[in-house]
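In: Give me coordinates for this.
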Amino acid sequence: MVRVLRPSVNPFASTSVGPYELPPAFVEQLQTPALVVYLDRVRENIQRMIAYAGSPDRWRPHLKTTKMPEVWGELLHAGVTHFKCATTREADVFVALAESRQNPADLLVAYPLRGPSLRRIGEIAGRAKHTTLSVLVEDPEVLAELPEGVGVFVDVNPGMNRTGIPMADEAAVRAVVQAAGDRFRGLHFYDGHLHHADLAARRAAIFKGYQRLLQLVDHLATEGITTPELITAGTPAFHHALHFDAFAAKDTFVHRISPGTVVFHDARSQLDNPEVELQPAALVLSRVISHPTSNIATCDAGSKSIAAEAGDPCAFVLGSDAFEGLPPSEEHLPLRCSTELPPRGTPLFLVPRHVCPTVNLAEQCVLIDGDHPPRVVPVTARAHEVLCQAQK
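Out: Predicted structure coming up:
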């Protein structure tokens with residue numbers, strides 16, 4: 001039986017810090033807090049994910065986590081060709097990378113874009129020779145604005161109640177599919193709300209949603225509508241989706257999982273998926289800056305450098321169970337210590353609870369690649385664009 005960890009338990013307390021250590025002379029020059037990405041760990045996680053999926057073709061990773069061409073290139077090199085993203089900047093940076101490599105790729109902008117953002121996707125698609133672009137759609141009216149050459153995935157709401165057509169409203173799904181015509185690429189079903197601590201209960205809830213999704217596919221088929229692709233399963237659900245035998249048994253569509261966090265991995269993912277063997281590939285290097293009480297050491301990585309929206313602790317100290325992260329402020333993260341306080345200036349490696357928005361907070365990243373000297377690279381696809389290219 002798999003043991004489900006409590007949210008306050010450090011899932012990386014026993015992880016060796018040694019493989020993550022940076023050259024001391026480099027650390028002396030490095031201001032903190034600093035995002036550090038380890039490409040060796042990235043490659044290991046990618047290969048592990050491909051092994052779980054059975055092939056690169058069954059994985060459509062979400063690029064919102066990684067946000068850097070240097071990391072996306074590793075996915076392309078591993079044979080992954082289908083991707084998701086959330087913003088026009090991510091789409092622009094990814095298409096530039098794929099086009100420079102003349103790498104055939106398929107990118108879904110998994111967001112219900114409107115107005116200027118939809119026009120921007122048209123601009124990006126217009127220069128893509130090797131990349132196919134699609135967007136999410138949940139109402140037929142927006143199809144009148146859909147740029148030429150951009151495909152359609154119908155967004156189905158699995159109960160997360162964030163976006164999409166309710167599963168029970170088959171008439172609305174059918175209306176979008178019929179209006180899309182030959183642009184229809186498939187159904188998008190993001191079940192990212194299912195975080196049951198009881199893994200068996202989570203799997204049962206996930207499978208119930210998939211059974212209903214397949215009923216929808218079958219009902220469309222009775223009206224002569226073929227669904228080319230089903231996209232499901234972010235990080236909390238992907239391992240369960242791969243064990244839903246009915247997906248593999250169907251040969252009328254391609255099923256792809258779409259977790260992106262798994263490339264970098266984080267504490268929330270480890271707590272959600274204790275049966276999945278991945279390693280943290282993105283850490284925040286921080287320094288102890290204060291001893292405000294006899295049992296608290298404060299480090300310099302607050303909510304402006306580590307995402308805090310996923311709850312407390314927002315980060316865990318790699319390789320130690322002596323620290324408990326307290327609620328952060330903008331520039332400070334207090335750590336309650338069960339042992340002697342580390343001296344001021346002590347570097348600590350922090351594993352974010354939620355790595356995706358943590359990466360988005362960083363303008364630059366330290367890239368570690370085996371024995372090569374550390375490099376500082378921009379986090380190129382962070383944040384949002386404001387104007388369409390034609391208006392810049």
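
In: Out of the helices and strands in the chain, which is least certain?
Out: helix 245-249 (a mean of 85; mean pLDDT, DSSP states H and E).

In: Would you mind writing the CA trace of that one as PDB?
Out: The C-alpha coordinates for helix 245-249 follow below in PDB (Å, rounded to 0.1, in the frame of the first residue of the first chain):
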ATOM      1  CA  ASP A 245      -7.500   0.500 -20.000                       C
ATOM      2  CA  ALA A 246     -10.400   1.800 -22.100                       C
ATOM      3  CA  PHE A 247      -8.100   4.500 -23.600                       C
ATOM      4  CA  ALA A 248      -5.600   2.000 -24.800                       C
ATOM      5  CA  ALA A 249      -8.400  -0.300 -26.100                       C
END
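
In: which stretches of the stretch 151-300 of the chain have low pLDDT?
Out: Scanning the stretch 151-300 of the chain for pLDDT under 70 picks out the ranges 193-196.

In: longest single strand anywhere in this protein?
Out: strand 282-293 (DSSP state E).

In: Check the offset of that strand from the chain's centre.
Out: 26 Å (C-alpha atoms, centre = their mean, to the nearest Å).

In: What pairs with it, parallel or antiparallel?
Out: strand 34-38 (antiparallel), strand 296-299 (antiparallel), strand 347-352 (antiparallel) (DSSP bridges).

In: ok so, going back, pull out the buried residues from the least confident helix or strand of the chain.
Out: Under the neighbour-count criterion of 16 or more other C-beta atoms under 10 Å, helix 245-249 has Phe247 buried. No exception for glycine: its C-beta is placed from N, CA and C like everyone else's.

In: Would you tell me which of the strands paired with strand 282-293 gets closest to Pro259?
Out: strand 347-352 (16.1 Å; C-beta to C-beta).

In: quick one: the residue most central in space within the chain from His62, how far?
Out: Geometric centre of the chain, nearest residue: Gly260, 3.1 Å, by C-alpha atoms, centre = their mean. From Gly260 across to His62, the span is 3 Å (C-beta to C-beta, to the nearest Å).

In: Show me the common contact partners of the two, please.
Out: Lys84, Gly234 (C-beta atoms under 8 Å, 6 or more residues apart in numbering).

In: Skip the chain neighbours and tell me the closest residue to Gln47.
Out: In this structure, Gln47 finds its nearest non-sequential neighbour in Ala78, 6.8 Å apart by C-beta to C-beta, 6 or more residues apart in numbering.

In: shouldn't that neighbour be in contact with Asn45?
Out: No. Under the criterion of C-beta atoms under 8 Å, Ala78 makes no contact with Asn45, lying 10.3 Å away.

In: Compare those two and say which is more crowded by neighbours.
Out: Asn45 (23 against 16; other C-beta atoms under 10 Å).

In: Wasn't the more buried one part of a helix?
Out: Yes. According to DSSP: H, G, I helix; E, B strand; the rest coil, Asn45 belongs to a helix.

In: got a list of what it touches?
Out: Val262, Val263, Phe264, His265, Leu278, Gln279, Ala281.

In: tell me the contacts of the residue of the chain positioned farthest from its centre?
Out: The C-alpha centroid of the chain is most remote from Ser294, which lies 38.3 Å away (C-alpha atoms, centre = their mean). Contact partners of Ser294, counting by C-beta under 8 Å, 6+ apart, are Leu341.

In: ok, and for stretch 187-204, which residues are buried?
Out: Leu187, His188, Phe189, Tyr190, Asp191, Gly192, Leu194, Leu199, Arg202, Arg203.

In: Next, give me the two most distant ones among these.
Out: Leu187 and Leu199 (25.8 Å).

In: then the helix or strand containing Arg174 to CSV, C-alphas only?
Out: Using DSSP states H and E, Arg174 sits in helix 170-180. Taking C-alpha atoms only, helix 170-180 is exported to CSV below (Å, rounded to 0.1, in the frame of the first residue of the first chain):
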residue,chain,number,x,y,z
GLU,A,170,-23.6,17.3,-25.4
ALA,A,171,-25.6,19.6,-27.7
ALA,A,172,-23.2,22.5,-27.0
VAL,A,173,-20.1,20.2,-27.6
ARG,A,174,-21.7,19.0,-30.9
ALA,A,175,-22.5,22.6,-32.0
VAL,A,176,-18.8,23.6,-31.6
VAL,A,177,-17.6,20.5,-33.4
GLN,A,178,-19.9,21.0,-36.3
ALA,A,179,-19.1,24.7,-36.6
ALA,A,180,-15.3,23.9,-36.6
